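[1] okay, here's the prediction I keep looking at, along with the sequence it came from:
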Amino acid sequence: MSSHSFAKVLVVAKDEWRYWLRSKLAISVLVIGLLLTLSAAIVTAVTMMELSHTRASLQDTAEQTFVDQPDRHPHRMVHYGHYAFRVPSPLSTIDPGVDAFTGNSIFLEGHRQNSAMFADQKQGTALTSLGSLSPAFILQVLAPLLLILIAYSSVSRERESQTLSFIVSQGTSIFTLIIGKGVALLCVVGLIMLPVIASSGIAIVQGESIVVVLSFLSAYVLYLLVWSLVVLLVSTAVSKNSESFTALLFVWVLFCIVMPRIASSTASASIVSPGKLETDFAVIAELRKLGDGHNANDPAFSKLKTSLLRQYNVETVEELPINFRGAVARASEAQLTEVLNRFAENSMQEELAQTQVSRNFGWLSPMVAIRSLSMISAGTSIETHHRFMREAEDLRFSFVQSLNQVHIDKLNYADDMNRNANAEAGQKARVSAENWQMIQDFKFQLESASARLHRSMPAFAQLFMWIAIAGSLIRFFGRRAI
């Protein structure tokens with residue numbers, strides 16, 4: 001573009017801003033958009049920071065409470081359990097993602113895998129969910145509507161007032177006019193993005209990768225660029241302001257309201273997963289085949305008994321230098337965990353498959369593309385939740401098996417068998433509280449920047465496709481606008 005053409009673009013952009021400043025509707029919409037984004041950014045940031053502090057404090061408290069338990073039978077500590085909390089990611093102040101629906105803490109105990117608890121949306125009412133507008137939701141759903149209200153008549157009003165031919169006859173090409181109005185609209189995008197940029201800066205201070213933050217912001221700029229081009233496209237393609245507004249409103253409803261719902265419904269219908277009750281019955285049926293880990297005489301552990309007797313060259317379990325009941329508990333927990341992990345992995349793979357089906361609708365709706373990209377970059381996607389579940393399960397299995405090892409090494413078999421005889425026998429069947437020090441610090445970490453960027457590439461490709469399509473259609477309709 002020559003300097004002369006660039007100057008004309010700036011003149012058109014300034015003239016568009018002058019028109020908006022004279023329009024009470026445009027200014028009102030812009031002010032409302034800025035205030036809404038700013039307030040959402042502040043409220044969400046404060047909420048997430050409080051949650052982060054609270055969960056970190058609760059994690060430390062849970063670990064200290066476990067360590068401070070008195071002398072007990074080690075298997076009592078297996079059932080006493082422990083907690084794992086997930087601290088929100090820095091960018092969750094902008095996009096909380098699935099965190100509000102999946103839960104943020106897990107109670108860890110022997111013999112079972114619990115689901116995550118305390119999901120905000122499950123605890124709240126319909127009214128509280130209406131009040132939880134995140135900056136991501138505003139940018140994804142409301143910002144396009146604001147752009148439509150501000151610029152739906154950007155080109156169509158020139159045609160409706162019959163000034164377009166006059167402008168072109170003065171040496172300003174239709175494409176210079178469209179580009180100039182697009183530059184003005186991008187300035188609006190920049191203003192809407194200011195609160196989010198400030199929140200992203202805070203995320204960097206909290207430890208988020210600069211590369212991820214830049215990618216995150218670039219994604220939203222691309223998304224709003226798509227909508228700016230769509231607004232210009234429709235305004236160029238039609239000759240009346242009313243037609244432009246109606247068509248753009250239809251496009252907004254289709255892309256931002258209808259298509260995301262269709263994506264979710266299609267994902268659920270195409271990949272059917274069993275319900276919780278059905279899965280629970282299947283798990284119970286599998287666990288029944290393993291034997292009772294609380295019963296050292298269960299036939300399911302006869303091979304373990306024979307193996308240990310042969311290993312230590314003794315005739316009875318009483319002669320073993322280890323506690324046979326502890327060995328049974330350890331073997332039983334390993335078998336049980338293998339079954340539980342298999343069902344858990346199947347469930348997570350089904351959820352991932354459904355999510356992928358939904359994400360593919362980004363080729364049909366830019367809103368679906370940015371929603372996927374935003375959650376992946378922010379570390380609030382379903383993959384992050386699954387990794388939290390896996391790491392929490394590793395912690396559960398580790399501390400349970402550590403307690404089972406204490407049961408094996410630190411507690412006499414005879415004392416263990418006679419623990420219910422009387423109070424004195426019960427005291428003998430306890431081990432020192434020093435053994436509870438094995439509990440590990442649990443600090444959930446986000447995936448690396450490279451992993452998140454790699455996973456977000458398809459969504460970036462979808463946004464670039466929308467930009468290319470909208471730009472091509474603007475060129476096509478621009479030639480026919482005169």
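    The structure has been received and is ready for your questions. Since we're looking at a predicted model, the values are computed, not measured. Numbers count the residues shown, from 1 in each chain.

[2] so what pLDDT did residue 446 get?
    Listed pLDDT for residue 446 reads 87.

[3] tell me how far the nearest residue to it once chain neighbours are set aside lies from residue 332.
    The shortest distance from residue 446 to any non-neighbouring residue, by CB to CB, 6 or more residues apart in numbering, is to residue 379 (4.3 Å). (Each C-beta comes from the backbone N, C-alpha and C, glycine too.) To residue 332, residue 379 is 36 Å away according to CB to CB, to the nearest Å.

[4] residue 210: what's it in contact with?
    residue 204 (CB atoms under 8 Å, 6 or more residues apart in numbering).

[5] what does it show for phi and psi?
    phi -60, psi -40 (degrees, to the nearest 10).

[6] the residue nearest to residue 446: neighbouring residues, count only.
    A count of nearby residues for residue 379, using other CB atoms under 10 Å, gives 26.

[7] one more: residue 82?
    When neighbours are counted by other CB under 10 Å, residue 82 registers 22.

[8] got a list of what it touches?
    With CB under 8 Å, 6+ apart, residue 82 has these contacts: 62, 63, 66, 107, 108, 109, 395, 396, 399, 439.

[9] now for the residues you listed, which pair is the farthest apart?
    Spatial extent of the contacts of residue 82 (CB to CB) is set by the pair 63 and 109 at 15.2 Å.

[10] picking that back up, isn't the residue nearest to residue 446 right up against residue 452?
    Yes - Residue 379 is in contact with residue 452 according to CB atoms under 8 Å; the separation is 6.7 Å.

[11] name the residues contacting each of the two.
    Jointly contacting residue 379 and residue 452 under the rule CB under 8 Å, 6+ apart are residue 446.

[12] before we move on, the earlier item: the residue nearest to residue 446: what's it in contact with?
    Counting by CB under 8 Å, 6+ apart, residue 379 touches 89, 91, 92, 97, 446, 447, 452.

[13] would you verify that the fourth one is located in a helix?
    Looking back up the chat, that one is residue 97. No - Residue 97: not assigned to a helix; according to DSSP: H, G, I helix; E, B strand; the rest coil it is coil.

[14] do you know how far the closest residue to it other than its chain neighbours is from residue 93?
    Closest residue in space to residue 97, ignoring its immediate chain neighbours: residue 380 at 2.5 Å, by CB to CB, 6+ apart. Residue 380 is 10 Å from residue 93, where distance means CB to CB.

[15] one more: residue 371?
    To residue 93, residue 371 is 17 Å away according to CB to CB.

[16] and for residue 87?
    12 Å.

[17] try residue 149
    From residue 149 to residue 93 the distance is 27 Å (CB to CB).

[18] run through the helices of the stretch 301-450 of the chain in chain order.
    For the stretch 301-450 of the chain, the helices defined by DSSP state H, counting those that start in this stretch cover 302-312, 324-359, 366-378, 382-410, 413-417, 423-428, 449-480.

[19] any chance of the ones you listed in TSV with distance to residue 222 as columns?
    Converted to TSV, those look like this (distance: least, CB to CB, whole Å):
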stretch	distance to residue 222
helix 302-312	59
helix 324-359	16
helix 366-378	8
helix 382-410	22
helix 413-417	64
helix 423-428	67
helix 449-480	5
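
[20] deepest of those, which one?
    Most buried of these, by mean neighbour count (mean count of other CB atoms under 10 Å): helix 366-378, with a mean of 28.

[21] next one: it to chain centre, how far?
    The chain centroid and the centroid of helix 366-378 are separated by 10 Å under CA atoms, centre = their mean, to the nearest Å.

[22] before we move on, what about stretch 461-469?
    Its chain's average C-alpha position is 24 Å from that of stretch 461-469, according to CA atoms, centre = their mean.

[23] mean confidence for that stretch?
    Stretch 461-469 comes out at a mean pLDDT of 97.

[24] ok, residues contacting it?
    With CB under 8 Å, 6+ apart as the test, stretch 461-469 has contacts from 219, 222, 223, 225, 226, 229, 362, 363, 366, 369, 370, 373.

[25] residue contacts, the fifth one?
    The one in question is residue 226. If you count contacts by CB under 8 Å, 6+ apart, then residue 226 has 366, 463, 466, 467, 470 around it.

[26] dump these to CSV, plus distance to residue 245.
    Output for the contacts of residue 226, formatted as CSV (distance: CB to CB, whole Å):
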residue, distance to residue 245
366, 20
463, 25
466, 21
467, 23
470, 18
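
[27] starting at the chain centroid, how far to stretch 248-265?
    On the basis of CA atoms, centre = their mean, stretch 248-265 sits 21 Å off its chain's mean C-alpha point.

[28] next, the distance between the ends of it.
    With CA to CA, to the nearest Å as the measure, stretch 248-265 spans 25 Å from end to end.

[29] rounded mean pLDDT for that stretch, please.
    Mean pLDDT, computed over stretch 248-265, is 96.

[30] next one: stretch 270-279
    Here stretch 270-279 scores 83 as its mean pLDDT.

[31] can you give me the buried ones in that stretch?
    Across stretch 270-279, burial judged by 16 or more other CB atoms under 10 Å covers residue 271.

[32] need the contact partners of it.
    Where contact means CB under 8 Å, 6+ apart, the residues beyond stretch 270-279 that reach it are 282, 343, 347, 350, 351, 353, 354, 357.

[33] how far does that stretch sit from the chain's center?
    On CA atoms, centre = their mean, the centre of stretch 270-279 falls 22 Å from that of its chain.

[34] stretch 177-186 too?
    How far stretch 177-186 lies from its chain's middle: 35 Å, per CA atoms, centre = their mean.

[35] list the contacts of that stretch.
    Taking CB under 8 Å, 6+ apart as the rule, stretch 177-186 contacts 8-17, 20, 147, 150-151, 154-155, 158, 164, 167-168, 225, 228-229, 231-232, 236, 474, 478.

[36] identify the residue nearest residue 449 in space, chain neighbours excluded?
    residue 209 (3.9 Å).

[37] and residue 231, what is it in contact with?
    Residue 231 sits next to 147, 148, 151, 152, 154, 185, 248 when contact means CB under 8 Å, 6+ apart.

[38] residues near the closest residue to it other than its chain neighbours, how many?
    Spatially, and ignoring its direct neighbours in sequence, residue 231 is nearest to residue 151 (5.0 Å; CB to CB, 6+ apart). Per other CB under 10 Å, the neighbour tally for residue 151 reads 25.

[39] repeat for residue 206
    That count, for residue 206 with other CB under 10 Å as the rule, works out to 15.

[40] now the one 3 residues further on
    Applying other CB under 10 Å, we find 21 other residues in the vicinity of residue 209.

[41] what does stretch 423-430 contact?
    Residues outside stretch 423-430 that contact it (CB under 8 Å, 6+ apart): 71, 72, 73, 411, 412, 415, 416, 418, 419, 420.

[42] next one: the fourth one from residue 316, what distance?
    Relative to residue 316, residue 411 is positioned 18 Å away (CB to CB).

[43] okay, the two: which has more neighbours?
    A direct count of neighbours by other CB under 10 Å for residue 411 and residue 316 places residue 411 higher, at 23 against 10.

[44] isn't the more buried one up against residue 323?
    Yes - using CB under 8 Å as the test, residue 411 is close enough to residue 323 to be in contact (5.2 Å).

[45] follow-up on the earlier one: pretty sure the residue nearest to residue 231 contacts residue 232?
    Yes - counting by CB under 8 Å, residue 151 does reach residue 232; the two are 7.4 Å apart.

[46] which residue ranges of the chain form strands?
    82-85, 105-108 (DSSP state E).
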